[in-house]
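Take this sequence and fold it.
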Amino acid sequence: MKQYIIKEEPLRSEEKAFSIPYEEALNPAQYEAVTTLQGPLLVIAGAGSGKTRALTYRVARLVEEGVSPSAILLLTFTRKAAQEMLRRAAELLDHRCEKVAGGTFHSFANFTLRKYAQRLGFESGFNILDRADAEDAINLVRTKLRLNLKERRFPRKTTIATIYSKAINKAVPIEEVILKDYPHFLKDTADLLRLYEAYQAYKRKNLLMDYDDLLIHLRALLEKNPDVQEALSQTYHYIMVDEYQDTNKIQADIIRLLAVAHNNVMVVGDDSQSIYAFRGANFRNIMEFPAMFPGTKIVKLEENYRSTQPILNVANVIIGRAKEKYTKVLFTQKKGGSVPALVVAEDERMQSQFVTQRILELRGEGIPLNEIAVLFRSSYHSFDQEIELNKRNIPFVKVGGFKFMETAHIKDLLAHLKILANPLDTVSWHRILLLVENIGPKGAEDIFQRVASSGLGVRGLATIKPKPRYARSFERLRKELEGLSVNHLPLVELGARLLRYYEPILEKKYDDHPKRAKDLEHLLTIMERYQSLETFLSDMALEPPNASINDILATDYEDEHLVLSTIHSAKGLEWHTVFVIWALEGRFPVTYAARSDEEMEEELRLMYVAATRAKENLYFTYPIDIYDRGTGAVFSRPSRFIEGISEEILEPWYLVSHQEADEDQW
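Coordinates of the predicted model:
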């Protein structure tokens, strides 16, 4: 008898019996993202919308569908992020999820290039240069090219490495980076290009790759070897990428090449949180993903699990002003919440006093200090706030930059002031003497001892006969300090005189001197509210000068502490209450953002990121009548990104002193 076999229809995904109740555990948009397994998928994940949850459940779903873990590639920006996602997926399902290929773009590139290095003319035993190693290699090549001569002002190794890396990651010529970010080195362009070629030859000769090379060579491997490209694409049949808005052009190209055999690519990101262009991140990647992968399905995660609706209302208005975006409207199931405030202060000091007082009130209401953050556009914006917090004994940790006393150029200028206040300050003497060209540690010690033994204070410099090699610079220092010691100038004028003296030293010592000069100008603004040099210096003593920010952050705090952070460093974090200080037009956005629409748009997205860090309370603050020494303008308007928002959405507050409040009552 002949048998005729009836084939069993394969079950559709929704008919299968899954061990995880996906539909119950996820909201509708998350569920759609998790269960869309074939073809290109772009998940626009609004702030606080549970993107990590979606990625984790999707890994588990793929494995439950019968996909081999080794056929799944999960790319993230930190190894820790990949490990955490796979660990959570394993907890949801089983240990198979931990066998998914997960890691960073650079670790994947390293793994792949080890296997196929000979295709590019490398040996598989190449060494990887970390950033410090790369800088040392550049310095070695620079020396061989005689570009390190003392009589010539040439960029330092750190700056050179930054220029090269930025050009690679932004896919622009080195000349363009120099013109845009380091115009004071335009005269050195030809030599920087020559040095770049020599650096590339040096690495190849010595079997070395730096971090950028890993990505460049992986892309080259895929482009030049169709068989390798096909093999890798068949191996990794499902590709997932986190934080896609932070990828650069090279990384986007790598994803396109890896997906050539299947187009099963899921990228997750938020165009509204694309804020790292200075690192090479390309906003266009996420905007043009549907064009790169025709037939892309777009899923938007708009339900927010972090913030109250009043906070989301402000965030929606801010990002609604973006010229180019994937339109989304964040909403939440959370009830209640106070309306965010726009707080105008008469000056910076009052702004700092308000933030400090409100923090103490919140602490009294039971909100822990580590659930409160003060965010700012630029690191120097927090200097005055740090002074006020120290006065009130509020412990804090600062992230994204150095504390005031820990920036070298600020310490340089303060050292001169400290000597005027106390001519026996040996630490400050050594600091300023080492700034004098050709004076070393031994010479500085000899000069200090002779000045101290003279009993004449800074006038003791006149008793010293300087050696010819540093006579000219020494005389300049002597005349400046002696002149300031006998003239009883207002503190801010004293600071201005010292700044004029220090500017040539600043330009010679630091490649990024234009940015550091802004910090010093802000120091003068703080000086304006002090009458006494001694009181000013006492307030400036915030932390020991030898304490680094890494030491502070590495401390295992037993007690709670407030967080001060640049907005760039705050991305991905959240707090019960957030203060965004210096939300002032001219400071946020920064003035140089006006040079291009792209930079201004990124500034707007930065404000959106700041707003969406808050869970319960959000305050924007700005001082008025701020004089900008660089442009001669006076800034008094709130940031364009929040100006004109309805009072029902952003409530205006005006600060008054206690005395003024009492007078109003009369």
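
Going by C-alpha atoms from here, please, whenever you check contacts or count neighbours.
Noted.

Now residue 78: closest residue in space, sequence neighbours ignored.
residue 104 (5.7 Å; Cα to Cα, 6 or more residues apart in numbering).

do you know how far that neighbour is from residue 445?
Per Cα to Cα, to the nearest Å, residue 104 is found 49 Å from residue 445.

What of residue 575?
Residue 575 sits 49 Å away from residue 445, taking Cα to Cα as the criterion.

Comparing the two, which residue is more hemmed in?
Between residue 575 and residue 445, counted using other Cα atoms under 10 Å, the more crowded position is residue 575 (22 against 17).

which residues sit in contact with the more buried one?
370-373, 613-615 (Cα atoms under 8 Å, 6 or more residues apart in numbering).

again, only this time at 10 Å
306-307, 369-374, 563, 612-618 (Cα atoms under 10 Å, 6 or more residues apart in numbering).

C-alpha coordinates for stretch 25-35, CSV please?
What follows is stretch 25-35, C-alpha atoms only, in CSV (Å, rounded to 0.1, in the frame of the first residue of the first chain):
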residue,chain,number,x,y,z
ALA,A,25,5.0,41.7,29.8
LEU,A,26,5.3,44.3,27.1
ASN,A,27,3.2,47.3,25.9
PRO,A,28,1.8,47.1,22.4
ALA,A,29,4.7,49.0,20.7
GLN,A,30,7.4,47.0,22.6
TYR,A,31,5.5,43.8,21.6
GLU,A,32,5.5,44.8,18.0
ALA,A,33,9.3,45.5,18.1
VAL,A,34,10.0,42.2,19.9
THR,A,35,7.9,40.0,17.5
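
I'd like to know which elements the helix or strand hosting residue 29 is packed against.
Residue 29 is part of helix 28-35, with elements assigned from DSSP states H and E. The contact analysis (3 or more Cα pairs under 10 Å, 6 or more residues apart in numbering; DSSP states H and E) places helix 28-35 against helix 22-25, strand 41-45, helix 51-64, strand 265-269, strand 297-301.

can you give me the helices in the stretch 351-500 of the chain?
383-391, 408-421, 426-434, 441-454, 471-486, 491-509 (DSSP state H, counting those that start in this stretch).

Same list, those helices, but as TSV with mean pLDDT and distance to residue 645 please.
Shown next, in TSV, are the helices of the stretch 351-500 of the chain (pLDDT from 0 to 100; distance: least, Cα to Cα, whole Å):
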stretch	mean pLDDT	distance to residue 645
helix 383-391	89	26
helix 408-421	85	37
helix 426-434	80	49
helix 441-454	81	57
helix 471-486	80	49
helix 491-509	88	37
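
Among the ones you listed, which comes closest to residue 567?
helix 383-391 (15.3 Å; Cα to Cα).

Nearest residue to the middle of this protein?
The chain has residue 568 as the residue nearest its centroid, 3.9 Å off, counting by Cα atoms, centre = their mean.

pLDDT of the helix or strand where that residue lies, averaged?
Assessed by DSSP H and E, residue 568 sits inside helix 567-570. Averaging pLDDT along helix 567-570 gives 90.

Parallel or antiparallel, which strands does the next helix or strand after it pair with?
With elements assigned by DSSP H and E, the helix or strand that comes after helix 567-570 is strand 575-580. Sheet pairing for strand 575-580, assigned by DSSP bridges, gives strand 372-376 (parallel), strand 614-623 (parallel).

thinking residue 167 is in contact with residue 179, fair?
No: the pair residue 167 and residue 179 fails to qualify as a contact (Cα atoms under 10 Å) at a distance of 11.6 Å.

do you know how far residue 172 is from residue 215?
Separation of residue 172 from residue 215 (Cα to Cα): 16 Å.

Show me which of these two is the more surrounded one.
Each of residue 172 and residue 215 has its neighbours counted (other Cα under 10 Å); residue 215 has more, 25 against 13.

where along the stretch 151-300 of the chain do the strands fall?
Taking DSSP state E, counting those that start in this stretch, the strands of the stretch 151-300 of the chain run over residues 208-210, 238-241, 265-269, 297-301.
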